[in-house]
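**Student:** model this:
(one chain, ligands or ions: 1)
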Amino acid sequence: MLDIEVLEGDITTLKVDAIVNAANCSLLGGGGVDGAIHRAAGPELLQACIPLNGCATGGAKITPGFRLPAMFVIHTPGPVYRDGRHGEPTLLASCYQNCLKLAEENNCASIAFPAISTGVYGYPWAEAAAIAVREVREYPAQKVKKVIFCCFGNDMAGIYREALQKAE
Ligand code: ADP
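**Tutor:** Below is the predicted model of the structure:
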């Protein structure tokens, strides 16, 4: 059984096998959680990202975590939300699927996700949380045993808890 937990806090402090970075397609750093992860991991992270040549929206690429307590960072560019009719739900679902796939391939037992696309990319919070919960619950995980939804702030944590309850 997959253990799913909602945690409020800063994802860069979590000692898990992998943390997910809500990156942009350049994979060269940015604001929000991306900036926080690069600051905490140290400059080696950017050096590791440069040769990856970016990433498509909905895709995922993995690097070491360097100075982070997490062993790996899985970078995934979420969709920019326009109106929900430009493939955003499918692309956001694909972020979760591809991150979990990489976690499995790299023998990760624990992974923490931020609320991908819900910052500057503008995805409505409850809709994004419902997709996150659905994709994690439906993923045929074998090695991944624990998933943390790391929420920045109490409001987001509440939305995730509600999404989890609805899915039960
Ligand atoms: P995106 O471009 O995918 O919208 P953002 O970084 O702007 O990415 O926001 C994604 C989510 O990450 C937002 O809900 C934001 O509040 C949250 N966030 C920002 N900093 C952190 C952090 N240090 N730990 C966890 N979540 C964070």
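**Student:** Please, where are all the helices along the chain?
**Tutor:** 32-41, 44-49, 88-105, 125-138, 154-167 (DSSP state H).
**Student:** Which one of the ones you listed lies nearest to the ligand?
**Tutor:** Nearest to the ligand, of all the helices of the chain, is helix 32-41, at 2.1 Å by Cβ to the nearest ligand atom. Where you see a C-beta, it was placed from the backbone N, CA and C, and this is true even at glycine.
**Student:** Show me what that closest one is packed up against.
**Tutor:** Counting contacts by 3 or more Cβ pairs under 8 Å, 6 or more residues apart in numbering; DSSP states H and E, helix 32-41 packs against strand 18-23, helix 44-49.
**Student:** Go again with 7 Å.
**Tutor:** In terms of contacts (3 or more Cβ pairs under 7 Å, 6 or more residues apart in numbering; DSSP states H and E), helix 32-41 is packed against strand 18-23.
**Student:** Give the partner strands of the strand it packs on in its sheet and their orientations.
**Tutor:** According to DSSP bridges, strand 18-23 has the following sheet partners: strand 72-77 (parallel), strand 110-113 (parallel).
**Student:** Surely Tyr96 and Glu135 touch.
**Tutor:** Yes. Assessed by Cβ atoms under 7 Å, Tyr96 is found in contact with Glu135 at 3.7 Å.
**Student:** and these two? which has more neighbours close in?
**Tutor:** Tyr96 (25 against 18; other Cβ atoms under 10 Å).
**Student:** got the contact list for Asn24?
**Tutor:** Gly30, Asp34, Pro77 (Cβ atoms under 7 Å, 6 or more residues apart in numbering).
**Student:** which one of these is nearest Asn21?
**Tutor:** Distance to Asn21 across those (Cβ to Cβ) is lowest for Asp34, with 5.7 Å.
**Student:** Just confirm that closest one contacts Cys25, I think it does.
**Tutor:** No. Assessed by Cβ under 7 Å, Asp34 is found out of contact with Cys25, at 11.5 Å.
**Student:** Could you tell me which residues of the chain lie near the ligand?
**Tutor:** 10-12, 22, 32-34, 36, 78, 114-121, 150, 152, 156 (Cβ under 6 Å from any ligand atom).
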